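S.K.: Next come a sequence and a model predicted from it.
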Amino acid sequence: MSIEEKDINKELKQIDKRLAQIRQEISSLESEREILLSRKKECSDNLKNLIPSSSGGRKNDLTVDWNRTDFEWSENARKILKEVFKLDTFRPLQLETINVTLSKMDCLVIMPTGGGKSLCFQLPALIDTGVTLVVSPLVSLMEDQLWMLKSLNINADTLNGSSTKDHVKTIHSEMLDKNSNLKILYVTPEKLAKSKIFMNKLQKMYEIGRFRRLVVDEVHCCSTYGHDFRPDYKFLGVMKQVFPDICVLGLTATATQSVIDDIKKILSIQKCILFKASFNRPNIFYEIKQKPSNNEEFINELAALIKKNFPRQSGIVYCFSQKESEQVAQQLSSRNIRADCYHANMGPNERSKVHDKWLKNQVHVIVATIAFGMGIDKQDCRFVIHHSLSKSLENFYQESGRAGRDGETAYSILFFKFGDVFRQSTMVFTEQTGLENLYSIVNYCIDKKTCKRKLIARHFNDDVWENKGECNLMCDFCKNSNENRIEKIDVYKEACFVLSLVEKPKTDKKITSNKLAELVHSEIVSKNKKSDCYPNKLSQNEVEKLILTMLMNNYLKEDFHFTPYNTICYIVPGPLSVHLKNDSFFYIDRTGPPSDKAKKIEKIEKIEKIEKIESDDTNELKTRKRNWEIDLSLDSCELDFDQNECHLPKSKKSSVVEVVEIDSD
Ligand SMILES: Nc1ncnc2c1ncn2[C@@H]1O[C@H](COP(=O)(O)OP(=O)(O)OP(=O)(O)O)[C@@H](O)[C@H]1O
């Protein structure tokens, strides 16, 4: 080959190489463009919410107009609240919603679980003449509400798949009878979508002016972006076309902007008044725990946790699959915990039997899949433990929100492990925003430098909560922030090594997440034996965190392959991987040793207290000895040995004070 030919070939190779780089850059720029466009949309939506609306009130400040008590129905509403519902005051946004819907305007209400959404349509139904139609996704939900309404002497009924012919006939005639006292009619979305006869009756009810209001409970079920999409909810889109004069009231506890936008579009209520309550559940303590990789060890830890922290207290353990829920229920039972499982594959009778036993405290723990969901209203559920990762932060919020509905302190504990991310991703990757949603909960689990409440608030765009809401040491980050020192470590070298492994795997075979973590960790250990090549000395957990952080940042990507038996997920370079090479740093957080301040905790004093107490039956004085371990590193703790507790002044309620009763009789 001539020198000239060699030069041309060399140049061709260089051009090809550069073209390949440009292709990658274009693809990464395109991904970045997507991310920026979506962020731009979010920002302009937020901006729109801040701009004064034409009605004069500010959109974010609608409560100013709608919490008035001088509407023509105001006096009656307060009377009904007290006399019929036996309640003293409205909860946040209840009065506003009632006023909007009685003004015949469309309204969308987003309130956390247990916030009191039902009253927002039940009370107006009693003020208006005519019938309020409530679309509700579950028969059990409707039945619970009917039972409650009947106990308050409110005339309500339901039509669903199991209604008898006679019952259907009675309801149809009540719908059209001006003298009937039927106030609320519950139906499933299927009934609306599939029964032409029912739609016909509704049409007639509308024509005679008895169709007052359409209430869509759990309205997020309309949206494919939501976590409970129900195809028949889509049918509700026709309601505004067929009944243009009725007002719509949508209620949900799901609040992401994309779901809200979607609901408005589907129901044709773009101009509705939107009320969004704060999502903060101040009484829930949020905690993430590392899940042991050995199953036996994990179950022992789980059982010990339940026995020690929640003896005789109701709770739920959420599992990944039906099989897992059966196994865990059995494993907890064999460790003397009254546990029963609940999942969609069990018959309706069996399910309601388990639910009933739990409600009556005959079962201590329900071990369930997400089938144990909507309509769970046990006020004193004290803990929700996630045995496995939820599908999204939204699912997690709903699931953990089933604890502490009575307002008393309750606990949300999520056991997290690297492998669970990929188990979940193979299930959700086919959903429209499945992976994006999954990464929101992964971020919640691996972020060790932010208050858990703040992370949830940010996800729900809950500005009020994020800026003003105090956590009051009710999450593991805030509680331990004195004890743990979080440091940022630069793992650029390790990140480049991760990328090199997935760019060209040694065996030409693609790499799974577990294999990748294993290879990276063993490389760090073996290189460090010869020379201190990787001074960060990342642990296995930290390597896993590095991989997840790279995944969240689009430096890595999951690549799914179907086999005849299952779906396999490999790790490949992500759309922004080329940027890593241009950067010179990549940080992850490391939980460091306790700070000096926190070390004081170890300064524990033991106190023995002998006291005389009166025996209940004989009135004789008897002696009782109690031992306490108290951290007295904070000066002047006033200790008050009253009853069975040792009280500290409120001002001393700091995470570095621990009071433990170690023995009493
Ligand atoms: N104004 C009020 N004052 C006191 N208690 C109330 C008030 N409004 C509702 N409640 C009570 O709060 C509890 C939860 O109400 P409700 O079932 O309507 O909540 P929800 O928002 O529909 O929750 P979920 O989304 O979980 O169904 C009920 O026991 C209800 O009686």
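M.R.: Here it is on my side, so go on. Numbers count the residues shown, from 1 in each chain.

S.K.: Might you enumerate the residues of this structure proximal to the ligand?
M.R.: Residues of the chain found near the ligand, taking CB under 6 Å from any ligand atom as the criterion, are 87, 90-91, 94, 111, 113-119, 253, 377. Every C-beta, even on glycine, is put in place using the N, C-alpha and C of the backbone.

S.K.: In TSV, list those along with neighbour count.
M.R.: Listed next are these as TSV, based on neighbours: other CB atoms under 10 Å:
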residue	neighbour count
Leu87	15
Phe90	20
Arg91	15
Gln94	25
Met111	23
Thr113	19
Gly114	18
Gly115	23
Gly116	16
Lys117	25
Ser118	19
Leu119	19
Ala253	22
Asp377	15
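
S.K.: wait, doesn't Leu149 sit right on Leu185?
M.R.: No: proximity of Leu149 to Leu185 does not meet the contact threshold set by CB atoms under 8 Å, at 11.4 Å.

S.K.: Identify the contacts common to the two.
M.R.: Ala156 (CB atoms under 8 Å, 6 or more residues apart in numbering).

S.K.: returning to that earlier point: tell me the one among the residues of the chain next to the ligand nearest to His167.
M.R.: The shortest distance between His167 and any of the residues of the chain next to the ligand, using CB to CB, involves Ser118 and amounts to 22.9 Å.

S.K.: all helices for the stretch 151-300 of the chain, in order.
M.R.: Along the stretch 151-300 of the chain, the stretches classed as helices by DSSP state H, counting those that start in this stretch are 165-176, 189-194, 196-207, 239-242, 257-267, 295-309.

S.K.: Make CSV out of these and add distance to Gln145 and mean neighbour count.
M.R.: Putting those into CSV (distance: least, CB to CB, whole Å; neighbours: other CB atoms under 10 Å) gives the following:
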stretch, distance to Gln145, mean neighbour count
helix 165-176, 16, 15
helix 189-194, 16, 18
helix 196-207, 19, 15
helix 239-242, 21, 14
helix 257-267, 21, 19
helix 295-309, 31, 15
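
S.K.: For the residue most central in space within the chain, which non-adjacent residue is spatially closest?
M.R.: Geometric centre of the chain, nearest residue: Tyr397, 1.6 Å, by CA atoms, centre = their mean. Spatially, and ignoring its direct neighbours in sequence, Tyr397 is nearest to Ile456 (6.1 Å; CB to CB, 6 or more residues apart in numbering).

S.K.: Got the phi and psi for that neighbour?
M.R.: phi -70, psi -40 (degrees, to the nearest 10).

S.K.: for it, what are its contacts?
M.R.: Taking CB under 8 Å, 6+ apart, we find Ile456 in contact with Phe279, Tyr286, Leu393, Tyr397, Tyr444, Asp462.

S.K.: mind running it again at 7 Å?
M.R.: With contacts defined as CB atoms under 7 Å, 6 or more residues apart in numbering, Ile456 is in contact with Phe279, Leu393, Tyr397.

S.K.: Give me the number of neighbouring residues for the second one.
M.R.: Summarising burial for Leu393: neighbours were counted as other CB atoms under 10 Å, giving 24.

S.K.: In contact with it, which residues?
M.R.: By CB under 7 Å, 6+ apart, the contact set of Leu393 is Ser440, Ile441, Tyr444, Ile456, His459.

S.K.: Turn the buried ones among these into a named ChimeraX selection, would you?
M.R.: Selecting only the buried members of the contacts of Leu393 in ChimeraX, with burial defined as 16 or more other CB atoms under 10 Å, works like this:
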select :440,441,444,456,459
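
S.K.: JSON lines for the contacts of Leu393, including pLDDT?
M.R.: What follows is the contacts of Leu393, written out as JSON lines (pLDDT from 0 to 100):
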{"residue": "Ser440", "pLDDT": "93"}
{"residue": "Ile441", "pLDDT": "95"}
{"residue": "Tyr444", "pLDDT": "95"}
{"residue": "Ile456", "pLDDT": "89"}
{"residue": "His459", "pLDDT": "84"}
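
S.K.: The contacts of Leu393 in helices, which ones?
M.R.: Judged by DSSP state H, these include Ser440, Ile441, Tyr444, Ile456, His459 as members of helices.

S.K.: Which one of the residues you listed is nearest to the ligand?
M.R.: Checking the ones in helices among the contacts of Leu393 against the ligand with CB to the nearest ligand atom, the nearest one is Ile456 at 16.3 Å.

S.K.: got any ranges where the stretch 551-665 of the chain has weak pLDDT?
M.R.: Scanning the stretch 551-665 of the chain for pLDDT under 70 picks out the ranges 593-665.

S.K.: Could you do the stretch 101-250 of the chain as well?
M.R.: Within the stretch 101-250 of the chain, the segments meeting pLDDT under 70 span 225-228.

S.K.: what do you get if the cut-off is 80, keeping everything else the same?
M.R.: The stretch 101-250 of the chain contains residues with pLDDT under 80 at 113-114, 140, 224-231.

S.K.: Would you map the strands across it?
M.R.: Taking DSSP state E, counting those that start in this stretch as the criterion, the stretch 101-250 of the chain contains strands spanning 107-110, 131-135, 156-159, 184-187, 211-217, 247-252.

S.K.: Need the contact partners of the fourth one.
M.R.: Think strand 184-187. With CB under 7 Å, 6+ apart as the criterion, strand 184-187 contacts 122, 125, 131-136, 142, 145-146, 149, 156-160, 171.

S.K.: Roughly how far does Asn283 sit from Ser2?
M.R.: 82 Å (CB to CB, to the nearest Å).

S.K.: do Val525 as well
M.R.: Val525 sits 52 Å away from Ser2 when distances are taken as CB to CB.

S.K.: neighbour-wise, which of the two wins?
M.R.: Neighbour totals were compared for Val525 and Ser2, and Val525 leads with 13 against 7 (other CB under 10 Å).

S.K.: helix or strand for that one, which one?
M.R.: Taking DSSP states H and E as the definition, Val525 sits inside helix 513-530.

S.K.: send the alpha carbons of that helix over as CSV?
M.R.: As requested, the backbone C-alpha atoms of helix 513-530 are provided in CSV (Å, rounded to 0.1, in the frame of the first residue of the first chain):
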residue,chain,number,x,y,z
SER,A,513,-26.3,-5.2,37.7
ASN,A,514,-25.2,-7.8,40.3
LYS,A,515,-22.3,-8.9,38.2
LEU,A,516,-21.3,-5.3,37.6
ALA,A,517,-21.3,-4.5,41.3
GLU,A,518,-19.4,-7.6,42.0
LEU,A,519,-16.7,-7.0,39.4
VAL,A,520,-16.2,-3.4,40.4
HIS,A,521,-15.9,-4.2,44.1
SER,A,522,-13.5,-7.1,43.5
GLU,A,523,-11.3,-4.9,41.2
ILE,A,524,-11.2,-2.2,43.9
VAL,A,525,-10.2,-4.8,46.6
SER,A,526,-7.6,-6.5,44.4
LYS,A,527,-6.0,-3.3,43.0
ASN,A,528,-5.8,-1.9,46.5
LYS,A,529,-3.8,-4.9,47.7
LYS,A,530,-1.0,-4.0,45.3
